[in-house]
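# build me a model from this:
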Amino acid sequence: MTSRNITTQTHYRDTMAKKGRYGQFIRGLFTIIDFLILNLTYWVLYLLHDEPDDFFTRQVWFMMNIAFAAGCSIYSNIHNRRVVFADRVVLTAMKSVVLFAIIFFAFLLFLDLNNIHALTFAEFFLIFFPLLSLWWLLSRQMLKLYRSRGFNFKRIIIVGDGVVGTRLLNEMIEDNGYGYRIMGLFDNSDHAHDMEYYKGSLADVDKFIAENLIDEMYCTLPDDEEGTVQKMIKIADNNAVEAVP
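Next up is the predicted model:
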């Protein structure tokens with residue numbers, strides 16, 4: 001690697017660090033808010049209940065947070081995913097809450113508390129699930145607004161200008177809230193030369209990535225070009241670029 005390339009990479013990393021310096025904290029920050037909603041639900045339910053119930057004890061509260069942390073470790077990546085439709089967000093929230101409920105219930109059985117009302121348990125989740133889903137949907141819109149203003153972006157290239165590649169390109173252009181900056185389109189076909197983001201053939205991908213430090217490569221080549229797809233993925237791996245086949 002030449003000194004010029006090293007200088008280019010250093011400048012790019014510095015620029016990215018300044019431009020999106022808060023992006024790496026998004027998942028953690030939003031997960032904290034998930035826990036705030038969890039505990040707010042617990043607190044509100046406590047205020048609404050006058051009868052004695054072992055559900056509102058320090059042991060149960062602690063187990064509740066531990067159980068939710070287990071679900072967050074699996075599903076909190078929803079806060080980092082850029083292209084997720086509303087129905088998928090709600091479905092993921094449902095999966096997270098179901099897993100949380102199973103673990104939480106197992107903990108309650110382990111504690112062997114006799115005075116926990118099943119209705120209280122059900123009420124808790126009937127309140128918590130809609131609130132969590134609403135927050136996740138709202139957080140998606142907040143992130144899109146944040147990214148549409150030029151923050152937390154990713155520089156990407158698209159390899160292949162077929163139907164899938166063209167559709168993907170148009171979707172990214174139409175909605176800048178996804179936070180993608182299209183750096184180039186690569187394909188061997190003749191009609192690709194007329195496309196706005198065309199930067200070269202597949203043979204030019206390696207050099208372009210090395211010179212421009214791309215974050216992600218979207219490989220939309222046909223299934224019958226598996227050998228070429230694997231070659232593109234290898235190029236991405238060699239340059240520390242995330243490949244999305």
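# for Asn115, the count of nearby residues, please.
10 (other C-beta atoms under 10 Å). Where C-beta positions appear, they are placed from N, C-alpha and C, glycine not excepted.
# typo on my end, Asn170
10.
# how much space separates it from Leu185?
Taking C-beta to C-beta, to the nearest Å as the measure, Asn170 falls 12 Å from Leu185.
# for Phe107, same thing?
51 Å.
# look at these two and report which has more neighbours.
Taking neighbours as other C-beta under 10 Å, Phe107 and Leu185 compare with Leu185 leading, 23 against 17.
# quick one: secondary structure of the more buried one?
Of the three states, Leu185 takes strand under DSSP: H, G, I helix; E, B strand; the rest coil.
# can you name the residues that contact it?
Leu185 is in contact with 157-159, 161, 165, 169, 192, 195, 197-199, counting by C-beta atoms under 8 Å, 6 or more residues apart in numbering.
# could you rerun that using 10 Å?
Leu185 sits next to 157-161, 165-166, 168-169, 192, 195-200, 218, 220 when contact means C-beta atoms under 10 Å, 6 or more residues apart in numbering.
# can you check Ala70 too?
Per C-beta under 10 Å, 6+ apart, neighbours of Ala70: 99-100, 102-104, 107.
# longest helix of this protein, counting residues only.
helix 118-148 (DSSP state H).
# what does the domain assignment say about the chain?
In terms of domains, the chain is parsed into 23-148, 153-244 (source: automatic domain parsing).
# thanks again, I'm all set now.
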